[in-house]
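**Q** Mind folding the following:
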Amino acid sequence: MGSCWQAVMSPSACIGAVRRPRRPSRAQREVLHARPAPTTFGDDRIVAYIPRGYGLAHRRGTRLSVVTETGRPRPTHDLDLKGFRFGAIKPVTSDEFRKRWREAAFDFPEIRGHAEAFRILGSEIVALRRSARQPKDWIATVRFGRRMEAIFGFSQEVLLLYSLHHDLQRRDFERLPSLAENLPRATQDDIYLVSSRDLRAKRKLTEWSIREPFTAVAVAKPSADHVADAKSFVSQILTVRASRNLYSETLPVRGADFFGRQELLISLSQRLREGRVCGVFGMRKTGKTSLILELGRQFVKADTAHRLFILRDLETLPSDASTHSEVLLSDLTGALLVSFRQHNIRTHELSELSTSSTWSDFRRAVSASLGHASAAEHQIILALDEVESLLGLDPGKDPERSYLPEFFGVLRALVQENRNFNVLLSGITDSILTEGQLSGRENPLLAWATAYYLPPLRSDEASELIRAIGRRMALEWTPEAMAAMYDATGGHAFLLRSLCAFCVDQLPLDVEYRVIVLADVQASLRAWQRSVAQQIRQMYQSFERYYPDACILLLLVSQNLIESFEIETDYLDQSLVLERLGLIAEHDSEWAPTPLARLVAQP
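**A** Numbers count the residues shown, from 1 in each chain. This is a model prediction of the structure:
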């Protein structure tokens, strides 16, 4: 009989004096599983404790670890795979599944060994079907147990392809995502398993996965030792997950890669459903495009048959502003034609538009489509991203952009006349909603659309981003490390991911050491700041171009050269912009720069 908890730092050390029976009851096991592993991290000493006797090992892989005084994890002993049985998936017992299982096992006897190894890990093959393209191949889906999900960040089942080919081709690899499209349940879109007769399958899949957004893992032929197979599988998945730096994503994200902003998404969706034109504004690299894409994804997903989301990136407009009107009219006509035809909406009037058509012609053609019976049950949102590329620096007086009042007037008229159509704008500058005039004429959107400003991520949103992406890489962060990350970046989405990626790149190649502690962040800060100095400078310069007065105020606040009463009397509009963008905050009736402002506005 021993104590219930044992410190991994010393076999003789223990906490508490609670005694337990040798064979715990199911209730006791459920309590222990539901309780998070009592693992916390200090800055200078080891305080990591693991329960003894239940196999509840640290989540990083094949060994337990503790944090040493230097801040670097140190492996101790091999993982007890019995811990994976907690939260195990129940086997499928339906007659239809058993029939398919027998057929698949006849073609691929190795599936039995794989199933035994998965079962040791608390996981099960839960679905089987023949491939529609290759009838001799089988497609299985594996549902991993709670322990595997916690280690590797799995949130859905994983597709497993059984292929008879002795020479695996790249086209087989490239069609893996399409195999999942016709499955009854969604599967992980970032990892696929492949069991092939090709002896070079592991090498091929590793090489092909380098430049793709997903990875394919070769499942080895099973041996007589299923425990060894299970350990080998965990080690291989760990190696694959750890080999990709998922933080270094510079393109817009959506779906499982989108984090935070839930209140803003809900508010935007509500406003758009009410028929209000909305605008989303923020500094560069704050995630505006990602927010628009995620909003569009959720909007369409709610009713794919009747909802259309059309995005036009205005940053691709020609540099010659005099050609913008013609190019934009042609682009929007083409985009609407494609989407309307896919949903069987009338396009006769739209298809007759030509290069000589005017915005009035465009309005009549779109109204004919929206008002037709074929569009009665549909909802259409037109999103215009990077709107500053269309407006220029001084939209109120620019003679080359004389079409702007007419263009936005057409959009306003279409929204007012058609309950099934709406417009969403996004960009750096909010002048499209605040300027009284456009090219010398009244601004049709002034005080009519709803403006939203995109501040940095909150601390909890940033922590969720760090943790969730880290789990997909079999990586953990201590609370102190995550707090330091937020302090260093101010919650700016791009800078946060950039610093995370930089810290991960500094880790040893040994996949056993997959914990980032405070010391790792502190050691990376100076080098990271040098690496992103140019991007930060560009962010500030773009902000200065569109908000020159607000930039002056930001510098005054940063250098403590202005009193709060002066801000409220002389710089009220500018202070509102800075506050909405998360660059200044009020504390005890005094305005002060946020961590993001100190980083962006530094000399």
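**Q** Can you show me the helices along the stretch 451-600 of the chain?
**A** 459-472, 479-489, 493-505, 518-531, 533-546, 548-558, 564-570, 572-580, 595-600 (DSSP state H, counting those that start in this stretch).
**Q** For the first one, could you pull out the residues that count as buried?
**A** Translated: helix 459-472. Buried residues in helix 459-472, counted by 16 or more other CB atoms under 10 Å: 461-463, 465-466, 469-472. C-beta coordinates here come from the backbone N, C-alpha and C atoms, glycine included.
**Q** Repeat that for the last one.
**A** Going by neighbour count (16+ other CB under 10 Å), the buried part of helix 595-600 is 595-597, 599-600.
**Q** So what's the model's average confidence on that helix?
**A** Across helix 595-600, the average pLDDT comes to 81.
**Q** gap between residue 290 and residue 203?
**A** Residue 290 sits at a distance of 35 Å from residue 203 (criterion: CB to CB, to the nearest Å).
**Q** Between these two, tell me which one has more neighbours.
**A** residue 290 (20 against 11; other CB atoms under 10 Å).
**Q** From residue 380, how far out is the closest residue in space to the more buried one that isn't next to it in sequence?
**A** Among residues not flanking residue 290 along the chain, residue 252 sits closest, at 4.4 Å (CB to CB, 6 or more residues apart in numbering). From residue 252 across to residue 380, the span is 21 Å (CB to CB).
**Q** neighbour count winner among those two?
**A** The neighbour comparison of residue 252 against residue 380 (other CB under 10 Å) goes to residue 380, with 24 against 17.
**Q** That one: which element?
**A** Element membership of residue 380, judged by DSSP states H and E, is strand 379-385.
**Q** Residue 160 too?
**A** Element membership of residue 160, judged by DSSP H and E, is strand 158-163.
**Q** Just give the number of residues close to residue 187.
**A** Neighbours around residue 187, by other CB under 10 Å: 22.
**Q** Next, count neighbours for residue 321.
**A** Residue 321: 18 surrounding residues under other CB under 10 Å.
**Q** same question, residue 136
**A** Residue 136 has 12 nearby residues by other CB under 10 Å.
**Q** which residues does the closest residue to it other than its chain neighbours contact?
**A** By the measure of CB to CB, 6+ apart, the closest residue to residue 136 outside its immediate chain neighbours is residue 164, 5.0 Å from it. Residue 164 makes contact with 107-108, 136-137, 197 under the criterion CB atoms under 8 Å, 6 or more residues apart in numbering.
**Q** which sections of the protein are below the confidence cut-off?
**A** Within the chain, the segments meeting pLDDT under 70 span 1-80, 509-513, 601-603.
**Q** Dead centre of it: give me the residue that sits there.
**A** What sits nearest the mean C-alpha location of the chain, by CA atoms, centre = their mean, is residue 257, with 1.4 Å.
**Q** returning to that earlier point: state the distance from the residue nearest to residue 136 to residue 385.
**A** As judged by CB to CB, residue 164 and residue 385 stand 46 Å apart.
**Q** same thing with residue 445?
**A** From residue 445 across to residue 385, the span is 16 Å (CB to CB).
**Q** same deal with residue 295?
**A** 11 Å.
**Q** what number of residues lie near the closest residue in space to residue 561 that isn't next to it in sequence?
**A** With CB to CB, 6+ apart as the measure, residue 555 is the residue that lies nearest to residue 561, at 8.0 Å, once sequence neighbours are left out. Residues near residue 555, counting by other CB under 10 Å, number 16.
**Q** swap in residue 492?
**A** Residue 492 has 29 neighbouring residues, counting by other CB under 10 Å.
**Q** swap in the one 10 residues further on?
**A** The local packing count at residue 502 equals 20, with neighbours defined by other CB under 10 Å.
**Q** Please verify my assumption that it contacts residue 525.
**A** No. When contacts are counted by CB atoms under 8 Å, residue 502 is not listed as touching residue 525 (9.1 Å).
**Q** Quickly list what's touching both of the two.
**A** Contacts common to residue 502 and residue 525, judged by CB under 8 Å, 6+ apart, are absent.
**Q** Just the CA coordinates for the top helix by length along the chain, please, in PDB.
**A** If you go by DSSP state H, the chain has its longest helix at helix 324-342. Presented in PDB, the C-alpha positions along helix 324-342 are these (Å, rounded to 0.1, in the frame of the first residue of the first chain):
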ATOM      1  CA  HIS A 324     -11.200  51.200 -60.900                       C
ATOM      2  CA  SER A 325     -14.800  51.700 -61.900                       C
ATOM      3  CA  GLU A 326     -14.600  49.600 -65.000                       C
ATOM      4  CA  VAL A 327     -12.600  46.800 -63.400                       C
ATOM      5  CA  LEU A 328     -14.800  46.700 -60.300                       C
ATOM      6  CA  LEU A 329     -18.000  46.600 -62.300                       C
ATOM      7  CA  SER A 330     -16.700  43.700 -64.500                       C
ATOM      8  CA  ASP A 331     -15.400  41.800 -61.500                       C
ATOM      9  CA  LEU A 332     -18.600  42.100 -59.400                       C
ATOM     10  CA  THR A 333     -20.700  41.100 -62.400                       C
ATOM     11  CA  GLY A 334     -18.600  38.000 -63.000                       C
ATOM     12  CA  ALA A 335     -18.600  37.000 -59.400                       C
ATOM     13  CA  LEU A 336     -22.400  37.400 -59.100                       C
ATOM     14  CA  LEU A 337     -23.000  35.400 -62.300                       C
ATOM     15  CA  VAL A 338     -20.900  32.500 -61.100                       C
ATOM     16  CA  SER A 339     -22.700  32.400 -57.700                       C
ATOM     17  CA  PHE A 340     -26.200  33.000 -59.000                       C
ATOM     18  CA  ARG A 341     -25.800  30.200 -61.600                       C
ATOM     19  CA  GLN A 342     -24.600  27.800 -59.000                       C
END
